[in-house]
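S.K.: Output the structure for:
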Amino acid sequence: MIDEIDKVILSDLSKNARIPVAEIAYHLRQMEHKITERAIRYRLKRLEQSNTILGYSPIFNPSLISDKISRTILLKFKITKNTSDLMGRLNNYIDNSRFCLFSARMSGDFDFICHFVFDSIEQYELESDNFINRFAELVSEYRTYDSKIIKATPYSILDEQESNEKKFRIYKIINSLRKSENLNTKLQLTVDSLVKYFDAIFARMWLLDKNSKNLILKFSSGKYRNINGEFSKVSIRLNSKIGTIVIRNKPVITNDVVNDPRIKYPTWAEKEKLRSFAGYPITHAGKPIGVLAMFSKKTLSPIEFELLGIFAEHISKELSAFYEAKELLNIT
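M.R.: Purely as a prediction, here's the structure:
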């Protein structure tokens, strides 16, 4: 339990995590609490050991992060027998989200509010689409609003150096793929690269058949290399995660494979200890012609999802050149 003195200490720390102990002591003495700086340090240690204080976060100047994309989302819930479990999953997602600054239950027309901050509009579209699809069974209605930060605490800004290093690495991989002149070899190296450089347990590429009704598995790498199994031919339909990527021409990503309703075999995913899935459309002239996808045992960072998107765009360009050449031959 915390007492009145602890509450004052916590209040001061919430306003400034770097506040000097002497200043906290001064505030307490003004409130007629006789306490030494040494006693305050002891209390801080006790609060940390009891997990009352989990960490210390900086307060950012909103004017310096004004280029961020800020969105407020209001959610209205369905009332079902699974609502409690789904709420638990939502809370877990929010707790682990790098983008969420604030969330709360509310009364009135909506049941839940959350505020997200993203580094780019592309990141916003990818993550918000993932968020809404993941909790489609829970959410009956939602509203999304542009918002402007007046005060933000805490917020973790992505490390620019780490981002640049990973982008440099992906372009090195892309350049190495360009050295291969055979298209089949190049596409096999693509899925091999996802396993080697992105820690994928397995990675696959499907291409649409002539009638654009089914995805045909052409390339596979990692633990499951067989291209003649259950998913060798995938019908284009909304209740299939792979089919959804083609129909909507948008990526499908998750860092919670076991609990994601779009995953067909969650028990298998749990047994394999899978954490993340990332699937991206392969396009030609703006239209989907295939899917590049991978599973991993690790949680993928926003930077890694972004880099996988860059990777998929490169493969789209490679295949587009092939399709354009084929179309030209048909014309002539």
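S.K.: use CA for all of it now, contacts and neighbours both
M.R.: Will do.
S.K.: What ranges in this protein fall below the confidence cut-off?
M.R.: For the chain, the stretches with pLDDT under 70 are 59-67, 149-168, 238-239, 325-332.
S.K.: which of the residues in the lengthiest helix in it are buried?
M.R.: Determined from DSSP state H, the single longest helix within the chain is helix 302-331. Judged by neighbour count (16 or more other C-alpha atoms under 10 Å), helix 302-331 contains these buried residues: 302-316, 318-320.
S.K.: Just the strands from the chain, written as ranges.
M.R.: Secondary structure of the chain (DSSP state E): strands at 69-77, 100-105, 112-118, 139-146, 200-208, 214-222, 233-235, 252-254, 276-284, 287-296.
S.K.: in the last one, what counts as buried?
M.R.: For strand 287-296, burial by neighbour count (16+ other C-alpha under 10 Å) applies to Pro288, Ile289, Gly290, Val291, Leu292, Ala293, Met294, Phe295, Ser296.
S.K.: Around Met205, count how many other residues there are.
M.R.: 25 (other C-alpha atoms under 10 Å).
S.K.: care to break this structure down by domain?
M.R.: Listed domain ranges for the chain are 4-49, 62-146, 160-331 (source: automatic domain parsing).
S.K.: Distance from the last one to the middle of the chain?
M.R.: It stands for domain 160-331. 16 Å (C-alpha atoms, centre = their mean, to the nearest Å).
S.K.: Cys100 is in contact with Phe116, correct?
M.R.: Yes - taking contacts as C-alpha atoms under 8 Å, Phe116 lies within contact range of Cys100: 4.4 Å.
S.K.: list the residues that contact both of those two?
M.R.: By C-alpha atoms under 8 Å, 6 or more residues apart in numbering, Phe116 and Cys100 have no common neighbours.
S.K.: Could you dump the strands of the chain into JSON lines and include distance to Glu37?
M.R.: Shown next, in JSON lines, are these (distance: least, C-alpha to C-alpha, whole Å):
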{"stretch": "strand 69-77", "distance to Glu37": "40"}
{"stretch": "strand 100-105", "distance to Glu37": "32"}
{"stretch": "strand 112-118", "distance to Glu37": "37"}
{"stretch": "strand 139-146", "distance to Glu37": "45"}
{"stretch": "strand 200-208", "distance to Glu37": "52"}
{"stretch": "strand 214-222", "distance to Glu37": "58"}
{"stretch": "strand 233-235", "distance to Glu37": "67"}
{"stretch": "strand 252-254", "distance to Glu37": "47"}
{"stretch": "strand 276-284", "distance to Glu37": "47"}
{"stretch": "strand 287-296", "distance to Glu37": "49"}
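S.K.: For Arg41, which of those is the nearest?
M.R.: strand 100-105 (28.9 Å; C-alpha to C-alpha).
S.K.: and the closest one, which residues are buried?
M.R.: Cys100, Leu101, Phe102, Ser103.
S.K.: Give the other helices and strands that that strand contacts.
M.R.: Packed against strand 100-105 by the contact rule (3 or more C-alpha pairs under 8 Å, 6 or more residues apart in numbering; DSSP states H and E) you find strand 112-118.
S.K.: if you set the cut-off to 10 Å instead, what comes out?
M.R.: strand 69-77, helix 83-96, strand 112-118 (3 or more C-alpha pairs under 10 Å, 6 or more residues apart in numbering; DSSP states H and E).
S.K.: what lines up beside it in the sheet?
M.R.: Applying DSSP bridges, strand 100-105 is found paired with strand 112-118 (antiparallel).
S.K.: sorry, back to before: closest to Ala22 out of the helices and strands packed on strand 100-105?
M.R.: Closest to Ala22 of those, according to C-alpha to C-alpha: helix 83-96, at 33.1 Å.
S.K.: Let me know the angle separating the closest one from strand 112-118.
M.R.: 30 degrees (axes from the mean of the first three to the mean of the last three C-alpha atoms, to 10 degrees).
S.K.: I'd like the numbering to begin with 16 instead of 1 from here.
M.R.: With the count now opening at 16, the last piece we talked about shows up as helix 98-111.
S.K.: gap between helix 98-111 and the chain center?
M.R.: Distance of helix 98-111 from its chain centroid, counting by C-alpha atoms, centre = their mean, is 15 Å.
S.K.: Which other helices and strands does it contact?
M.R.: Counting contacts by 3+ C-alpha pairs under 10 Å, 6+ apart, helix 98-111 is packed against strand 84-92, strand 115-120, helix 136-149.
S.K.: List the buried residues in it.
M.R.: Neighbour-count burial for helix 98-111 flags Leu101, Arg104, Tyr108, Ile109 (criterion: 16+ other C-alpha under 10 Å).
S.K.: Looking at those, which one is closest to Asn197?
M.R.: Tyr108 (42.7 Å).
S.K.: Does the closest one touch Phe146 like I think?
M.R.: Yes - counting by C-alpha atoms under 10 Å, Tyr108 does reach Phe146; the two are 8.9 Å apart.
S.K.: picking up where we left off before, I'd like to know which of the buried residues of helix 98-111 is nearest to Asn190.
M.R.: Tyr108 (36.2 Å).
S.K.: contacting residues around that closest one?
M.R.: Neighbouring residues of Tyr108 by C-alpha atoms under 10 Å, 6 or more residues apart in numbering: Met102, Cys115, Phe146, Arg149, Asn270, Asp271.
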